[in-house]
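K.L.:
what's the 3D shape of this:
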Amino acid sequence: MRTIRTAAALLAVLALALLPAAPAAAAPGPAVELSQPEGGKGGEITVSGSGWKPGALLMLLICGQAAPGRGVIGGTNSCANTEGRAATVDARGAFSAKLPVSEPPKPCPCVVHVAGVTGQQDAVDREFTVAGHPTAPLPEESGDGRLAVLAAVRLDGSSGLLVWFGAPPRRDVVFTVGNLGSAPVRDPVFEVGTSHGVFAPQYEERQWRGTIPPGGKALVRLPAELTAGAHGDYQVSVRYAGKVLVEQPWGVGRPWGVTLFWALLAVVVPAALFRIGMAVVDRVRPPTGRARPRPPAGPARPRRAPIRTRARTRASVPAAPAPGGPGDGEPTTVLPWFSPDSAPSAPESSSPTTKGQV
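P.N.:
Predicted structure coming up:
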């Protein structure tokens, strides 16, 4: 009996092991609840939710021309953006925030639109009635895909060193779009334009590669570029099917490197021309005689009378003829520093006195 019981227990355990595992309960998606389904302008409602990603930043808006099954048909342009509020999801995935009741730019039916800005890009719409606001039927579905912006827009990228010297600034326009139609959208073509001041934007086509199914969403990244040397306050616009989906301001700093370059050029070019002109003048100028080099300056020394001058002074006094003696007939030797004709002659009336005469 014990053996039979043991075998039966083993068979029961084996049968349980072979049974297919029960499917795990699907994780609930993000949900939104309203404190009241209707409110008038100037009032306030409480919007709460659960199932969101902890730490995510949410955007709360009241939008017109919208329905929970079709979403916000006109995009964020149909919402009261100035009266919107932001909420942060706590660690349990829940949030609660006060939202003032305001009239959207489009007629009702209206919804409270909750969309993730960071962390989680989901969007949930809850039906809401704005008391006293006009109503109009929603546009009929044509069977085509329609795109609408579901999250905030941002500009990615930074200016490099070349932009500081006048290169064209570049940014990427990043936004999340959802397909509100009943047909998929394949490789949509957007138009990106930039405007400055009161001038209208100049649009250029940018094709995004991919397919957005009905009810799906996608992160779109489109390049935007300004002209060389652009600076000031600009605005980037994205248009699809003739409707503006995105408008984002863009502040561009002044390219100070260009100013520095022209300042240096204004100093270097005149200096170079001056040096070239001086070199040309040195080559064209005719040569002049060389000046005799002057001796280096030094301490003054007293000048001594040359020996020739002293000798010439002694010789200027004529010597008395010696008394006659042997050899008187021999010629007299002339001193080398003057000729006989130039020698001074004694006056006839004078009678020089010689040494040894009495």
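K.L.:
Can you give me the distance of residue 275 to residue 266?
P.N.:
Noted for residue 275: a distance of 16 Å to residue 266, by Cβ to Cβ, to the nearest Å. Glycine gets a C-beta too; all of them are placed from N, C-alpha and C.
K.L.:
actually residue 33, sorry about that
P.N.:
Going from residue 33 to residue 266 by Cβ to Cβ gives 69 Å.
K.L.:
Same drill for the two, tell me which one is more crowded.
P.N.:
residue 33 (12 against 9; other Cβ atoms under 10 Å).
K.L.:
Quick check: the gap between the more buried one and residue 123.
P.N.:
16 Å.
K.L.:
and what of residue 277?
P.N.:
Going from residue 277 to residue 123 by Cβ to Cβ gives 73 Å.
K.L.:
The two - which one has more neighbours?
P.N.:
When residue 277 and residue 123 are compared for neighbours, residue 123 comes out ahead with 21 against 10, by other Cβ under 10 Å.
K.L.:
I'd say the more buried one and residue 115 touch.
P.N.:
Yes: using Cβ atoms under 8 Å, residue 123 is in contact with residue 115, at 4.1 Å.
K.L.:
Identify the contacts common to these two.
P.N.:
Residues touching both residue 123 and residue 115 (Cβ atoms under 8 Å, 6 or more residues apart in numbering): 150-151.
K.L.:
which residues in the stretch 51-200 of the chain form strands?
P.N.:
For the stretch 51-200 of the chain, the strands defined by DSSP state E, counting those that start in this stretch cover 57-63, 66-67, 71-72, 85-88, 95-100, 110-118, 123-131, 147-149, 154-156, 170-179, 185-186, 189-196.
K.L.:
Tell me where the model's unsure across the stretch 51-200 of the chain.
P.N.:
Within the stretch 51-200 of the chain, the stretches with pLDDT under 70 are 74-75, 118-121, 140-145, 160, 182.
K.L.:
could you dump the strands of the stretch 51-200 of the chain to a markdown table with distance to residue 262?
P.N.:
Shown next, in a markdown table, are these (distance: least, Cβ to Cβ, whole Å):
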| stretch | distance to residue 262 |
| --- | --- |
| strand 57-63 | 45 |
| strand 66-67 | 55 |
| strand 71-72 | 51 |
| strand 85-88 | 46 |
| strand 95-100 | 53 |
| strand 110-118 | 43 |
| strand 123-131 | 51 |
| strand 147-149 | 43 |
| strand 154-156 | 30 |
| strand 170-179 | 24 |
| strand 185-186 | 49 |
| strand 189-196 | 23 |
